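K.L.:
Requesting a structural model of the entry that follows:
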Amino acid sequence: EHIGRDPAEREVLTEEVELGEVINGIQRRILQVEDGPATDELRERLMLVEDAYRDLRGRIGAKHGGLLPLVEIRPVEPSSLQGFLDENTTLFDYFVTAEDGLYVWAINRAKIHFEKIDLTRQELRGLVFSFLQAIRGKDKRKIETLSRNAYDVLLRPVIPFVSGDRIGFVPDDALLYLPFAATNYRGRFLAEGFRIFHLPGTGLLEGAVKRVSAAPQDVLAFGKPDLDNEALDLDHGLLEIERIRKRFSGTTAVVGEEATEANAAERAAGYDLLHFAVRGQFVPEDPLDSALLLTPANGRDGRLTAREIFDLRFDARAVVLTGCDPMPEADPEGKGWIAMHRALLRTGSASVVSTLWFVADRAAVHGLDIFYRQLGKREPVADALQAMQLQMIREGQPPYAWAAFVLTGKY
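P.N.:
Residues are numbered from 1 along each chain as shown. Take a look at the predicted model:
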């Protein structure tokens, strides 16, 4: 809620968050109770709160127009989402509370199923963080155990309602960081059975299914910025870019002292693919200050922030971020992560492929090479990502090397 640039912005954004949470809660309560007087009362209350929300949006537009990209009406009833789904896609929409538990809606074109899971917010965070710790530590036994646990708790109740082989996850709270692709599914990884995409909110579903024009496959790749801090260097960034250039003749590499904030802002428009082999920095106390770290130059600090990205136009088929390490324990709600991804999607780009942890070995370069090979065949981004995961699984690579990469947006 502390994302404004000044007290006035923070006040209206805090009010927006509070009203949005009220709308969210009422909508979900309506779905949980049977029709009758209680439902009628909830619907009347919802209409009043939505009126207040629309009034707030009008005030934001009049006085703080630049904030409008940050606000959207909170989740609509699942039935209104079905029209955006094809017969091969199922959406899992999660919502967790501090005490009541975890709720999930399985939505496909033909039906909607609601499930309540006895798992509080703290228990959910404990499960997700333990799973991540096992993967980061490459502890095979713990990975196998927690992979099954995560599947049993979060997916088993709703997996029978899947239609097709594509699953979209709308995660809540720490679920944002869960590598669903690495959960156990019938003795295999979920990625072996399904193509997977993520959305930071159901309001983005329509954009996720829009067709993307067949633009020339030109790539703009940033890497090895001059940060004066060796701890922030991506040792394999230049190798990533070298592999991309071999796959795409129309690749423009912007590296070293040229990998500046200004060049990213001014040159990125018009490329089919944008690749940032740079560190991502996420700021939960001021999410819009989350940034991609580039070379400081010409009086600019090199931090291309989410706030600045909201004002840019990229129109890429995919923006690929290979240096993200969002540190979920410091930001369990994923505020910084969400702000960055919303900003990149707001540029007109169809999707963002980023990492849930920093993969600091050559396996990441290998995986990205497979991914770009498939993109070069004009495969959908979700298909290309799954192809990378499947090949690395067949090669015996651990989840650490391939499950960090997640797709947000257009699948």
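K.L.:
Give me the neighbour count for Glu123.
P.N.:
Neighbour count for Glu123, taken as other Cβ atoms under 10 Å: 15. In short, each C-beta sits where N, CA and C put it, glycine included.
K.L.:
Surely it is within a helix?
P.N.:
Yes - assessed with DSSP: H, G, I helix; E, B strand; the rest coil, Glu123 lies in a helix.
K.L.:
Tell me how far it lies from Thr183.
P.N.:
From Glu123 across to Thr183, the span is 17 Å (Cβ to Cβ, to the nearest Å).
K.L.:
cool, Gly20 as well?
P.N.:
To Thr183, Gly20 is 29 Å away according to Cβ to Cβ.
K.L.:
who's more crowded, the two?
P.N.:
Set Gly20 next to Thr183 and count neighbours by other Cβ under 10 Å: Thr183 wins out with 24 against 18.
K.L.:
quick one, phi psi at that one?
P.N.:
Taking degrees, to the nearest 10, you get phi -80, psi 150 for the backbone angles of Thr183.
K.L.:
Could you pull up the residues touching it?
P.N.:
147, 150-151, 154-155, 189-190 (Cβ atoms under 8 Å, 6 or more residues apart in numbering).
K.L.:
how does it look with 6 Å?
P.N.:
By Cβ atoms under 6 Å, 6 or more residues apart in numbering, the contact list for Thr183 reads 147, 150-151, 190.
K.L.:
do the same with Gly396
P.N.:
Gly396 neighbours (Cβ under 6 Å, 6+ apart): none.
K.L.:
sec struct for it, please.
P.N.:
Applying three-state DSSP: Gly396 is coil.
K.L.:
Buried residues, stretch 368-387. List them.
P.N.:
Of all the residues in stretch 368-387, those buried under the rule 16 or more other Cβ atoms under 10 Å are 368-375, 380-387.
K.L.:
What is the nearest of these to Val406?
P.N.:
Minimum distance to Val406 across the buried residues of stretch 368-387 is 8.2 Å, recorded for Leu385 (Cβ to Cβ).
K.L.:
Now do the same for that closest one: helix, strand or coil?
P.N.:
Under three-state DSSP, Leu385 falls in the helix class.
K.L.:
got the buried residues for stretch 229-243?
P.N.:
Within stretch 229-243, the residues scored as buried using 16+ other Cβ under 10 Å are 234, 236-243.
K.L.:
mind listing the helices in the protein by residue range?
P.N.:
7-32, 37-63, 121-136, 140-154, 205-208, 237-247, 261-267, 306-309, 335-346, 362-376, 381-394, 399-402 (DSSP state H).
K.L.:
would you list those in JSON lines and tack on mean pLDDT and distance to Leu178?
P.N.:
Shown next, in JSON lines, are the helices of the chain (pLDDT from 0 to 100; distance: least, Cβ to Cβ, whole Å):
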{"stretch": "helix 7-32", "mean pLDDT": "70", "distance to Leu178": "20"}
{"stretch": "helix 37-63", "mean pLDDT": "75", "distance to Leu178": "30"}
{"stretch": "helix 121-136", "mean pLDDT": "96", "distance to Leu178": "5"}
{"stretch": "helix 140-154", "mean pLDDT": "97", "distance to Leu178": "7"}
{"stretch": "helix 205-208", "mean pLDDT": "62", "distance to Leu178": "19"}
{"stretch": "helix 237-247", "mean pLDDT": "94", "distance to Leu178": "25"}
{"stretch": "helix 261-267", "mean pLDDT": "93", "distance to Leu178": "30"}
{"stretch": "helix 306-309", "mean pLDDT": "91", "distance to Leu178": "22"}
{"stretch": "helix 335-346", "mean pLDDT": "90", "distance to Leu178": "12"}
{"stretch": "helix 362-376", "mean pLDDT": "93", "distance to Leu178": "19"}
{"stretch": "helix 381-394", "mean pLDDT": "96", "distance to Leu178": "15"}
{"stretch": "helix 399-402", "mean pLDDT": "96", "distance to Leu178": "12"}
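K.L.:
which one of these lies closest to Phe194?
P.N.:
Per Cβ to Cβ, nearest to Phe194 of those: helix 381-394, 7.9 Å.
K.L.:
re the thing from before, of all the helices of the chain, which one comes closest to Pro328?
P.N.:
Shortest distance between Pro328 and these, using Cβ to Cβ, is found for helix 121-136: 6.6 Å.
K.L.:
what's the closest one packed up against?
P.N.:
In terms of contacts (3 or more Cβ pairs under 6 Å, 6 or more residues apart in numbering; DSSP states H and E), helix 121-136 is packed against helix 140-154.
K.L.:
neighbouring contacts of the helix it packs on?
P.N.:
Residues outside helix 140-154 that contact it (Cβ under 6 Å, 6+ apart): 130-131, 134-135, 183-184.
K.L.:
Give the ChimeraX command for selecting the buried subset of these.
P.N.:
ChimeraX command restricting the contacts of helix 140-154 to the buried ones, with burial defined by 16+ other Cβ under 10 Å:
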select :131,134,135,183,184
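K.L.:
The contacts of helix 140-154 into TSV, with extra columns for distance to Gln82?
P.N.:
Putting the contacts of helix 140-154 into TSV (distance: Cβ to Cβ, whole Å) gives the following:
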residue	distance to Gln82
Ser130	35
Phe131	31
Ala134	36
Ile135	34
Thr183	25
Asn184	29
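K.L.:
Need phi/psi at the residue nearest to Ser163 when sequence neighbours are not counted.
P.N.:
Excluding its sequence neighbours, the residue lying closest to Ser163 (Cβ to Cβ, 6 or more residues apart in numbering) is Asn108, at 3.9 Å. Here is the backbone geometry of Asn108 (degrees, to the nearest 10): phi -130, psi -180.
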